[in-house]
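Visitor: predicted model follows, preceded by the sequence.
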Amino acid sequence: MLARMQFAANITFHILFPSISIAMGWMLLYFKLRHNHEVHDANSTAVSHPSKWLDAYRFWIKVFALTFALGVVSGVTMSFQFGTNWPGFMNTVGNIAGPLLAYEVLTAFFMEATFLAIMLFGMNRVSNRVHTLATILVALGTTLSAFWILALNSWMHTPSGYEMRDGVAHATSWLQILFNPSMPYRVTHMLLASGLTVSFLLAGISAYRWLRGDRGADVIVALRTGIFTAAILIPLQIVAGDAHGLNTLRYEPAKIAAMEGLWTTQRHAPAVLFAIPDETSQTNRNEIAIPGLASLYLKHDFNGEIKGIDAFANEHPPVAPLFFAFRIMVGMGIIMLCISWLATWKLYQHRRDVSMLPNWLLRTLYAMTFSGWVALVAGWYVTEIGRQPYLVQGILLTSKAVANISQPMLLSTFIMYLVLYVALITAYIAVIFYMARKASLHQPVASSNPLNGTGQ
């Protein structure tokens with residue numbers, strides 16, 4: 001359990017940063033292409049070059065670079081644990097996991113790191129075309145990196161294209177390994193989650209700058225971009241999440257039973273809105289449920305049969321963590337939907353005039369700056385805890401992969417990781433808001449500041 005908690009701390013901290021860098025690369029490309037388009041129009045009409053999109057690019061590339069750096073550091077730390085804490089993982093499935101991890105480094109990470117340097121330091125040293133190409137390659141690299149990692153993670157949930165020889169997995173079809181049954185759903189769900197995380201980050205930081213009196217054109221375009229992107233992506237995420245759920249029901253039904261809090265196999269299965277799952281008695285206390293709704297959205301039939309925990313003997317995940325994490329993810333998604341659509345409606349009511357957004361809505365966007373992290377981590381916990389008791393579904397039990405390390409050693413390093421990660425994440429958030437305040441210093445300050453009620 002200590003080894004699992006330590007790895008959970010590592011993966012929780014690590015995933016925060018790729019969830020931003022994946023979509024942020026494409027957002028930077030959008031800013032750069034819009035700038036290029038406006039420069040072209042300005043040249044053709046003899047008008048001075050507008051710089052709002054370039055200003056937005058210059059601010060957010062700093063956020064991207066900071067995020068990329070922390071993602072690299074936390075990823076290296078996490079990968080070491082495969083050898084130190086979980087040697088059984090590589091001993092059993094290293095023939096498959098090893099190449100996929102290597103492909104991610106060779107085809108994606110090196111490309112990201114190389115061309116990020118051109119994005120950061122080459123704007124005035126290379127041509128605009130080369131700089132734009134560097135931005136394209138970084139965006140492609142972040143997505144390619146996500147593909148390789150999620151292909152491996154999906155294979156751990158729905159393994160295919162392999163055979164076991166003397167207790168070791170060997171590849172028989174790399175196409176089946178890469179495009180295993182859950183990979184398309186998992187990749188789509190993660191990419192959309194990254195897009196939503198970045199959308200609310202853009203909107204939240206821009207709202208913060210606006211509330212501080214920064215009325216720069218780059219703030220306006222970034223705020224509108226974040227709001228509109230979130231409003232478009234959240235319904236797509238709901239559809240993708242539903243499809244992913246149906247795929248999970250087919251290949252990992254025990255996970256669905258735990259997510260839904262269903263202890264017994266039944267038809268006309270209820271959707272449990274709230275309960276306190278009790279593993280000892282295998283019942284839900286204080287349950288609030290809608291009869292038949294779970295059968296409807298999982299089987300598209302009010303009388304569809306849904307397997308409960310009782311159908312899986314001892315091979316099922318713990319119910320309470322999945323039950324609550326799933327509801328946190330869905331609840332945050334509903335809040336994102338309501339806020340992004342409300343902000344979009346307000347903007348279109350006033351011809352996209354940001355100044356007409358009410359202060360309470362701007363404060364809400366500011367408060368939701370990192371709301372994407374909450375939904376993403378909750379969803380990640382559903383995915384990873386839901387695979388238990390297996391590390392690789394049907395192949396390797398988690399208990400068979402762990403190293404024989406003393407409890408004091410695990411506990412001390414676990415505490416060290418937690419302290420370090422809390423310090424780093426606090427510093428990361430503080431630096432982002434510091435950069436936002438510093439950028440605001442170059443803009444005229446409004447007479448009143450809705451954040452603190454003063455004119456400072």
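Guide: It's in.

Visitor: which residues touch V330?
Guide: Contact criterion Cβ atoms under 8 Å, 6 or more residues apart in numbering gives no residues in contact with V330. Any C-beta I mention is one placed from the backbone N, CA and C, and that applies to glycine too.

Visitor: wasn't it part of a helix?
Guide: Yes: note on V330: a helix contains this position according to DSSP: H, G, I helix; E, B strand; the rest coil.

Visitor: how close does it sit to R209?
Guide: Applying Cβ to Cβ, to the nearest Å, the value for V330 to R209 is 31 Å.

Visitor: give me the pLDDT for G98.
Guide: G98 is assigned 92 on the pLDDT scale.

Visitor: close enough to count as contact, it and M90?
Guide: Yes: counting by Cβ atoms under 8 Å, M90 is a contact partner of G98 at 6.9 Å.

Visitor: quick one, phi psi at I290?
Guide: phi -110, psi 110 (degrees, to the nearest 10).

Visitor: for this protein, give me the ranges with low pLDDT.
Guide: 40-50, 442-456 (pLDDT under 70).

Visitor: can you map out the strands along it?
Guide: 162-165, 168-171, 266-267, 271-278, 283-290, 305-306, 390-392, 396-397 (DSSP state E).

Visitor: what does stretch 245-256 contact?
Guide: 157-158, 181-182, 185, 297-298, 306-307, 309, 311-312, 315-317, 322, 382, 386-387, 393.

Visitor: how many other residues sit next to the closest residue to T369 other than its chain neighbours?
Guide: Nearest non-adjacent residue to T369, counting by Cβ to Cβ, 6 or more residues apart in numbering: G204, 2.7 Å away. With neighbours defined by other Cβ atoms under 10 Å, the count for G204 comes to 25.

Visitor: touching, G204 and Y366? I think so.
Guide: Yes: assessed by Cβ under 8 Å, G204 is found in contact with Y366 at 5.3 Å.

Visitor: distance between stretch 61-71 and the chain's centre?
Guide: 15 Å (Cα atoms, centre = their mean, to the nearest Å).

Visitor: identify the residues contacting that stretch?
Guide: 14, 17-18, 20-21, 24-25, 28, 112-113, 116, 119-120, 201, 205, 424, 428, 431-432, 435.

Visitor: try it again with 7 Å
Guide: Stretch 61-71 is contacted from outside by 14, 17-18, 20-21, 24-25, 28, 116, 119-120, 424, 428, 431-432, 435, using Cβ atoms under 7 Å, 6 or more residues apart in numbering.

Visitor: buried subset of those?
Guide: Neighbour counting with 16 or more other Cβ atoms under 10 Å marks 14, 17-18, 20-21, 24-25, 28, 116, 119, 428, 432, 435 as buried within those.

Visitor: and the gap between Y366 and V374?
Guide: On the measure of Cβ to Cβ, Y366 and V374 end up 15 Å apart.

Visitor: okay if I get the buried ones among the contacts of stretch 61-71 as CSV plus distance to F59?
Guide: Formatted as CSV, these follow (distance: Cβ to Cβ, whole Å):
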residue, distance to F59
H14, 25
F17, 18
P18, 21
I20, 14
S21, 16
M24, 12
G25, 15
L28, 10
L116, 16
M119, 13
Y428, 16
I432, 10
M435, 7
